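> please find the sequence and the predicted model below.
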Amino acid sequence: MKLGIVIPCYNEEEVLSETTKRLSELFSSMMEREEISEDSFICYVDDGSKDRTWEQIEAYSEEFTFFKGIKLSRNFGHQNALIAGLMQLKDEADALISMDADLQDDIMLVKEFVAKYKEGYHVVYGVREDRSKDTSFKRHTAGLFYTLQRYMGVESIHNHADYRLMSKKALNSLAEFKEINLFLRGIIPLIGFRSCSIYYTRDERFAGETKYPIKKMLFFALDGIASFSVMPLRVITVAGFLMFFFSLLMILWILVEKFILGETVLGWASMMTSIYLIGGIQVMSIGIIGEYVGRIFQQIKERPRYIIDQEI
Ligand code: UDP
Ligand code: MG
């Protein structure tokens, strides 16, 4: 079988040489054992790096026959860089594996991915068995995120990042999904076909620092929910109804106070709290609606998800 590995890279000069070394060893051994064909390849997608990442990719593609490179015109973000590589190369291999550049994902899993593909699976997920090497912050926020996703009815594979194999058939289906706010782990389960998971322990980043600072992480999480579920909008509708009925009861009570009991001394405290409470709920609700309107706005423009500058 002809295998391709797609690796998005953003300012990864510190890890790329080690990644290249380990992957070329793996590829050579897999080719020797005829697990993959001689024309299999590894493609780095340079996501507008500002360091020497692209120069390194150029050098590797000259040194080894199976290394390729795609250079995007600027930084488009991890998910877009990944889709760029997958869409660009889907017709050139029987299956593609996506992987991070920082060697956090155990590259030995590639052999198991390939074995599963040969058994007839079209999507193989790499799932992290434990998160003990994560910071406790990342572990907790991830847990919270999965819970939230579950309540919102979004199906996703827990503890699966973007380390997975997809067959050509699955990739052609992925090509039908035209969404701009990409959250690939949410889309892939929607494709269907025969799939399975393989478990592994995720390592720490080999070198350099994370390219996913907290701000990027939060917005990514927002995509993971708002791109797949309209539940937040429904919650607003339900809350609106509840508030409306509550206010009817309040009016009834006020009328009784005024005309029957005649004790209309209005409390300052209760008024202030209700103003703040209702104001807060309103602003939050408008914000949530805005998130969806914003997504419609971005989608309707149909801007390209990535632009390729160079291919080697
Ligand atoms: N990445 C990218 N574009 C970006 C940010 C990240 O292509 O704008 C790549 C990065 O080079 C790495 C992968 O996405 O290969 C995952 O990033 P990172 O390891 O920094 O994320 P973390 O593992 O800390 O969540
Ligand atoms: Mg990483």
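Great, that's in hand. Residues are numbered from 1 along each chain as shown. Ligands and ions are numbered 1, 2, ... in the order given.
> contacting residues for Val114?
Residues near Val114 by CB atoms under 8 Å, 6 or more residues apart in numbering: Met1, Leu3, Met30, Glu35, Ile36, Ala95, Leu165. Every residue, glycine included, has its C-beta placed from N, CA and C.
> now neighbour count and pLDDT too, for those residues, in JSON lines please.
Shown next, in JSON lines, are these (neighbours: other CB atoms under 10 Å; pLDDT from 0 to 100):
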{"residue": "Met1", "neighbour count": "14", "pLDDT": "93"}
{"residue": "Leu3", "neighbour count": "25", "pLDDT": "95"}
{"residue": "Met30", "neighbour count": "17", "pLDDT": "93"}
{"residue": "Glu35", "neighbour count": "17", "pLDDT": "92"}
{"residue": "Ile36", "neighbour count": "23", "pLDDT": "93"}
{"residue": "Ala95", "neighbour count": "28", "pLDDT": "96"}
{"residue": "Leu165", "neighbour count": "27", "pLDDT": "96"}
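> which of those residues fall in helices?
Met30 (DSSP state H).
> which helices and strands sit right next to the lengthiest helix in the chain?
For the chain, the helix that runs over the most residues, judged by DSSP H, is helix 268-300. For helix 268-300, the elements it packs on are helix 214-226, helix 231-255, judged by 3 or more CB pairs under 8 Å, 6 or more residues apart in numbering; DSSP states H and E.
> contact partners of the first one?
Defining contact as CB under 8 Å, 6+ apart, one finds that helix 214-226 is touched by 77, 79, 141, 145, 148-149, 152, 154, 156, 181-183, 185-186, 212, 232, 291-292, 295.
> out of the helices and strands packed on helix 268-300, the one nearest ligand 1 is which?
The closest of these to ligand 1 is helix 214-226. By CB to the nearest ligand atom, the value is 7.1 Å.
> quick check: mean pLDDT of that closest one?
Taken as a whole, helix 214-226 has an average pLDDT of 86.
> now it: buried residues?
Phe220, Ala221, Asp223, Gly224, Ile225, Ala226 (16 or more other CB atoms under 10 Å).
> do it and ligand 1 meet?
No - Helix 214-226 does not reach ligand 1 (CB under 6 Å from any ligand atom); its nearest approach is 7.1 Å.
> swap in stretch 196-213?
Yes - applying CB under 6 Å from any ligand atom, one finds stretch 196-213 touching ligand 1 at Arg205, Thr210, Lys211, Tyr212.
> ok, which of the contacts of Val114 also contact ligand 2?
When contact is defined as CB under 5 Å from the ion, the contacts of Val114 do not meet ligand 2 at all.
> quick one: buried ones out of the residues of stretch 196-213 next to ligand 1?
Using 16+ other CB under 10 Å as the burial test, the residues of stretch 196-213 next to ligand 1 include Arg205, Lys211 as buried.
> just confirm Leu109 contacts Gly126, I think it does.
Yes - if you go by CB atoms under 8 Å, Leu109 and Gly126 touch, sitting 5.6 Å apart.
> any residues in contact with both of the two?
Contact with both Leu109 and Gly126 is made by residues Tyr163, Ile198, Tyr200, according to CB under 8 Å, 6+ apart.
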